[in-house]
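Trainee: Provided below for reference: sequence and predicted model.
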Amino acid sequence: MALNLVRNSRVFFTTNVNGTTGVINATGATTANTVEIQVLDGFTFSQNTNQDTVTISEAGGAPTRGQRAFNTSLAPVDFSMSTYIRPSTDSSVVSAEESVLWNALMGVNNIDTAGITIGGAPSFAYAFTDISATESATKGTLTITLTSGTLTGTGTISVGDTIVFGGFTAPANSIEYLNAAAKIISYKTTGAAQTSGVVPTSGLTELVLEYANPKNAAIANGTITAGTLKAYKSSWAPAGGSSYSLVSSASSNFNQLQKFGLIFVVDSVAYAVDNAALNQATIDFGLDAIATIAWTGQATALRQIATTLSGSTFTGTDFAGTAAAKNTSAQYITNKLSTVTLTSAKAIGAAAAGSEYNVALTGGSLTINNNISYITPANLGVVNSPVVYYTGTRAISGSMNAYLKTGTGVNGTGKLLMDMLAAASSTIEPMITLSLAIGGKSNTVKVILDMPSATISIPTVDVQQVISTVINFTAQGSSQSATAANSTFDLSKSNDITVRYYA
């Protein structure tokens, strides 16, 4: 008998699964579909049995007092693990080991590294259009018009698809708003405008896009220099190439998310987690800590598998192939360098729209929750297993802790508290643009979380030796506009958050 030690454990993420059932395939693991995830101590994986207990209650001198317990069903597998936030550069593209987890949390497709190419050395003119509120479906659109060169393409994208664009080169203050998630509204070929169907691979002269977050006063209409445009169909994509990669909630409006499996190797024993789904990710901003993400999820089955791991290669009847090796050289990020900026999208009391508040954090957290629920049958005489799950409300919320700073010229927590109190009885939905830079906005290695339309509550005051405050926030979807004051909250939109990794 051997004891299993957590220090000898390893965790692998794989998309080498059955496309229908989500069960991990016995063969076919490659570095393209299986990757080792470096996790912290404290990871868990377990599956419990639900029981139905029958009891007896009767009168008399010698009552029957026994009971019968039946295993009725298996609960969904619960798993959890924490990873460090570690941006890195791989083949001139910004990446991260945890990118596969972000992609599974936010979408349905496997990570698209190649993208759909629209090339031919073209040049584009681009113009933001602020359409009236009655046309909110295309409010705040960006029209891209071919001005020179030709357009050719490979792959398939259609009107209505939400994709991540990359490859635009433009003034520096616009790149992050053009190389981002967008929905294709319409396209035009020579002499014809189309509002439905597949975007052609040649002859394209115009694209109309609805960006997840186009509102930025620094963006002016202009010309995009010649280059190759890429359209990525995954939630995680190298939109900024060597500058940054991003993951967005823009492609997350689905009842079921990406199918994947996990393999936990504990010493010489391996366990497979089949048909897994990521439910929640929590980022904690403890000042004296390295930036981490706590991941939790569920799955339909847990089983021990016959496989042997040597280096990054699996050999066995239940799982075989080679996984991508873990990246031990990626840099860490410390939370103490983090900064946050809140900008009022609309007026808050006497504070005009566009008022900016700078907050020096002392702590806080952000949670993205898919609110997944599983359905299990209830047949008699068998142990039922979960058969399917569905996503619920996409809930993105958190809190920020900071010292209460007041005084003339201090546009921080004290000013925010004053403005929120002044508007408390009249402002139903204070819209805030929230940008949180983990590792510091001015640093090269960082992760930026952009929430274009969040609501905040009145900051609470905690009286201690140094008076502090807590700011609670909730990110929401919105119909964005090139003019911030015209943006409105919209339940049907999925542009709650964009996360950018820089290395």
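Mentor: Cool, the structure landed.

Trainee: going forward, measure contacts between C-alpha atoms and count neighbours the same way
Mentor: OK.

Trainee: Quick check: most distant residue from the centroid of this protein.
Mentor: The centre of the chain is farthest from one residue, residue 61, which by CA atoms, centre = their mean lies 64.2 Å away.

Trainee: Tell me the spacing between it and residue 54.
Mentor: From residue 61 across to residue 54, the span is 21 Å (CA to CA, to the nearest Å).

Trainee: For this protein, name the helix or strand with the lowest mean pLDDT.
Mentor: strand 152-153 (a mean of 52; mean pLDDT, DSSP states H and E).

Trainee: residue ranges with poor pLDDT in this structure?
Mentor: For the chain, the stretches with pLDDT under 70 are 1, 118-155, 170-174, 201-202, 214-228, 408-410, 480-486.

Trainee: hang on, the earlier thing: and whichever helix or strand comes after the least confident helix or strand of the chain, C-alpha only, in PDB?
Mentor: Downstream of strand 152-153, the first helix or strand assigned by DSSP states H and E is strand 162-166. What follows is strand 162-166, C-alpha atoms only, in PDB (Å, rounded to 0.1, in the frame of the first residue of the first chain):
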ATOM      1  CA  THR A 162     -19.600  37.300 -32.700                       C
ATOM      2  CA  ILE A 163     -15.900  37.000 -33.300                       C
ATOM      3  CA  VAL A 164     -12.600  38.500 -32.100                       C
ATOM      4  CA  PHE A 165     -10.900  40.700 -34.700                       C
ATOM      5  CA  GLY A 166      -7.100  41.200 -34.900                       C
END
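
Trainee: what helices or strands is strand 162-166 leaning on?
Mentor: Under the contact criterion of 3 or more CA pairs under 8 Å, 6 or more residues apart in numbering; DSSP states H and E, strand 162-166 touches strand 181-189, strand 229-232.

Trainee: can I get those strands in a markdown table with distance to residue 440 and mean neighbour count?
Mentor: Output for the helices and strands packed on strand 162-166, formatted as a markdown table (distance: least, CA to CA, whole Å; neighbours: other CA atoms under 10 Å):
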| stretch | distance to residue 440 | mean neighbour count |
| --- | --- | --- |
| strand 181-189 | 23 | 23 |
| strand 229-232 | 28 | 24 |
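
Trainee: Relative to residue 496, which of these is closest?
Mentor: Judged by CA to CA, the one of the helices and strands packed on strand 162-166 that comes nearest to residue 496 is strand 181-189, at 11.6 Å.

Trainee: now the angle between strand 162-166 and that closest one, please.
Mentor: Calculated by axes from the mean of the first three to the mean of the last three CA atoms, to 10 degrees, strand 181-189 forms an angle of 90 degrees with strand 162-166.

Trainee: who does strand 181-189 pair up with?
Mentor: Here strand 181-189 has these sheet partners by DSSP bridges: strand 162-166 (antiparallel), strand 192-194 (antiparallel), strand 204-211 (antiparallel).

Trainee: Show me where the stretch 151-300 of the chain has its helices.
Mentor: Ranges of helices in the stretch 151-300 of the chain, per DSSP state H, counting those that start in this stretch, are 175-178.

Trainee: My error: substitute the chain in the last question.
Mentor: Under the criterion DSSP state H, helices of the chain are mapped to 99-106, 175-178, 413-422.

Trainee: thought residue 333 was touching residue 444?
Mentor: No. Using CA atoms under 8 Å, residue 333 is not in contact with residue 444; the gap is 10.7 Å.

Trainee: which one of those two has more residues nearby?
Mentor: Comparing residue 333 with residue 444 by other CA atoms under 10 Å, the one with more neighbours is residue 333, at 22 against 11.

Trainee: Return the distance of the more buried one relative to residue 27.
Mentor: For residue 333 relative to residue 27 (CA to CA), the value is 37 Å.

Trainee: now do residue 76
Mentor: The gap separating residue 76 from residue 27 is 25 Å, by CA to CA.

Trainee: neighbour-wise, which of those two wins?
Mentor: Between residue 76 and residue 27, counted using other CA under 10 Å, residue 76 has the larger neighbour count: 26 against 17.

Trainee: Who are the contact partners of the more buried one?
Mentor: By CA atoms under 8 Å, 6 or more residues apart in numbering, the contact set of residue 76 is 47, 48, 298, 299, 300, 301, 374, 385, 386.

Trainee: Could you pick out the buried ones from those?
Mentor: Buried residues within these, counting neighbours by 16 or more other CA atoms under 10 Å: 47, 298, 299, 300, 301, 385, 386.

Trainee: Restricted to strands, list those.
Mentor: Of the buried ones among the contacts of residue 76, the ones assigned to strands by DSSP state E are 298, 299, 301.

Trainee: Could you count how many residues lie near the closest residue to the first one other than its chain neighbours?
Mentor: This points to residue 298. Using CA to CA, 6 or more residues apart in numbering and skipping residues adjacent in sequence, the residue nearest residue 298 is residue 78, 4.7 Å away. Neighbour count for residue 78, taken as other CA under 10 Å: 19.

Trainee: list the contacts for residue 78?
Mentor: 44, 45, 46, 47, 296, 297, 298, 299.

Trainee: again, only this time at 6 Å
Mentor: When contacts are counted by CA atoms under 6 Å, 6 or more residues apart in numbering, residue 78 touches 45, 46, 298.

Trainee: And residue 430, by the same measure?
Mentor: Residues in contact with residue 430, defined by CA under 6 Å, 6+ apart, are residue 455.

Trainee: try residue 74
Mentor: Contacts of residue 74 were listed using CA under 6 Å, 6+ apart, and they are 49, 50, 385.

Trainee: if I read this right, the second one contacts residue 73, doesn't it?
Mentor: Yes. Contact criterion CA atoms under 6 Å: residue 50 and residue 73 qualify, at 5.2 Å.

Trainee: and those two? which has more neighbours close in?
Mentor: Set residue 50 next to residue 73 and count neighbours by other CA under 10 Å: residue 73 wins out with 21 against 14.

Trainee: count of neighbours near the nearest residue to that one once chain neighbours are set aside?
Mentor: Leaving aside its chain neighbours, residue 73 sits nearest to residue 384 (4.2 Å; criterion: CA to CA, 6+ apart). A count of nearby residues for residue 384, using other CA under 10 Å, gives 18.

Trainee: Alright, I will stop here.
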